[in-house]
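>>> This is a predicted model, with the sequence first.
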Amino acid sequence: MRKLAILTFVTLDGVMQAPKMPEEDFSNRFTQGGWADPYWDEVMEQVAEEAMDKPYDLLLGRKTYDLFASHNSGGDDSNPLNRYTKYVATNSLSKLDWQNSVVLNGDIVEEVTRLKSQGGLLLQVHGSWELIQTLLKNDLIDEFRLWTFPVTIGHGKRLFPEGSVPNNLTLVKSRSTSNGVVMGIYKRNKDN
C-alpha cells in the first residue's frame with residue numbers, strides 16, 4: 001500500500017495560501033501572497049534534500065496543477081516534476097496537457113483510496129488547500145511535511161482551520177534554515 005504525504009509551507013499562524021507569488025490566490029480577498037519569497041531559495045534547497053530526493057508521484061488539486069503546469073510543463077526529464085505521474089483532482093477538466101498527468105474526477109475520496117491501495121511510489125500533495133482539507137476530513141494523510149516560516153499573516157487559508165479532525169502526530173525529523181524557517185516531518189499515529 002502506498003503512503004500519502006502533504007508538503008506544505010505555512011506561516012506561524014497556520015496560513016498556507018499563496019506562499020510564493022502575490023498573484024497566486026486572491027480568493028477571500030487575500031492580499032498577502034508572496035509571504036515566503038524572501039526565504040525561498042534556502043528553503044527550496046532543503047525541500048529538495050528532505051522531501052524530493054526520492055521518486056514520488058504528485059496528487060494535485062486543479063488550481064495547483066494549473067500553476068505548476070504553467071511553470072514546469074514542456075521541459076525535459078531532468079525536471080522530476082515532468083518524469084513523475086501527476087494525479088489531478090478535477091471535475092472541470094477531462095484532458096491534461098502536462099506530460100504524465102492523469103485526471104481524477106468523481107468522488108476524490110474513492111479515487112485517492114484506490115490509489116493508496118495500489119503499489120507504487122509515495123503520493124505527495126503540494127499546495128492544493130481544498131484537496132488537503134478533503135484528505136484531512138477523510139483521514140487519508142500518512143505524513144505531514146511542513147515548512148513553517150517566521151511570518152504571521154492574520155488571515156487566509158489555514159492548513160488546520162477551525163473544525164479540523166483531531167489527530168496525534170509523531171515528529172520524525174526536524175531542521176531549520178539559517179533564515180529561520182523550520183522544517184518538521186510528522187507521521188500520523190496509527191492507533192489514533
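Perfect, thanks for sending it. Residues are numbered from 1 along each chain as shown.

>>> Please count neighbours and contacts with C-alpha atoms only from this point.
Fine.

>>> ok, now which ones touch residue 160?
Contact partners of residue 160, counting by C-alpha atoms under 8 Å, 6 or more residues apart in numbering, are residue 14.

>>> Sorry, slip of the keys, the one I care about is residue 59.
Contacts of residue 59 (C-alpha under 8 Å, 6+ apart): 86, 87, 88, 89, 123, 124, 125, 126.

>>> Which helix or strand contains residue 8?
For residue 8, the host element (DSSP states H and E) is strand 4-11.

>>> what distance separates that strand from the middle of the whole chain?
Centre-to-centre, strand 4-11 and its host chain are 5 Å apart (C-alpha atoms, centre = their mean, to the nearest Å).

>>> Counting by contacts, list what that strand packs against.
Under the contact criterion of 3 or more C-alpha pairs under 8 Å, 6 or more residues apart in numbering; DSSP states H and E, strand 4-11 touches strand 122-126, strand 143-149.

>>> Report the angle between the longest one and strand 122-126.
Inter-element angle recorded for strand 143-149 and strand 122-126: 30 degrees (by axes from the mean of the first three to the mean of the last three C-alpha atoms, to 10 degrees).

>>> how about residue 85, what does it touch?
57, 58, 100, 101, 102.

>>> Let me know how buried the third one is, in neighbour terms.
So the one you mean is residue 100. If you count neighbours by other C-alpha atoms under 10 Å, residue 100 ends up with 14.

>>> Can you select the buried ones among the contacts of residue 59 for me in PyMOL?
Restricted to buried positions by 16 or more other C-alpha atoms under 10 Å, the PyMOL selection for the contacts of residue 59 reads:
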select buried, resi 86+87+88+89+123+124+125+126
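
>>> mind giving me CSV with the contacts of residue 59 and columns for distance to residue 175 and pLDDT?
Shown next, in CSV, are those (distance: C-alpha to C-alpha, whole Å; pLDDT from 0 to 100):
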residue, distance to residue 175, pLDDT
86, 28, 95
87, 29, 96
88, 30, 96
89, 31, 95
123, 22, 97
124, 20, 96
125, 21, 97
126, 19, 93
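
>>> can the contacts of residue 59 go into CSV with extra columns for distance to residue 41?
Formatted as CSV, the contacts of residue 59 follow (distance: C-alpha to C-alpha, whole Å):
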residue, distance to residue 41
86, 24
87, 27
88, 27
89, 29
123, 24
124, 21
125, 20
126, 17
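
>>> Return the helix or strand bottoming out on mean pLDDT in the chain as PDB; C-alpha atoms alone will do.
Each helix and strand of the chain was given a mean pLDDT (mean pLDDT, DSSP states H and E); the minimum falls on helix 80-83 at a mean of 80. C-alpha atoms of helix 80-83 as PDB (Å, rounded to 0.1, in the frame of the first residue of the first chain):
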ATOM      1  CA  PRO A  80      11.500  15.400 -11.800                       C
ATOM      2  CA  LEU A  81       8.000  17.000 -12.000                       C
ATOM      3  CA  ASN A  82       8.000  16.100 -15.700                       C
ATOM      4  CA  ARG A  83       9.100  12.500 -15.000                       C
END
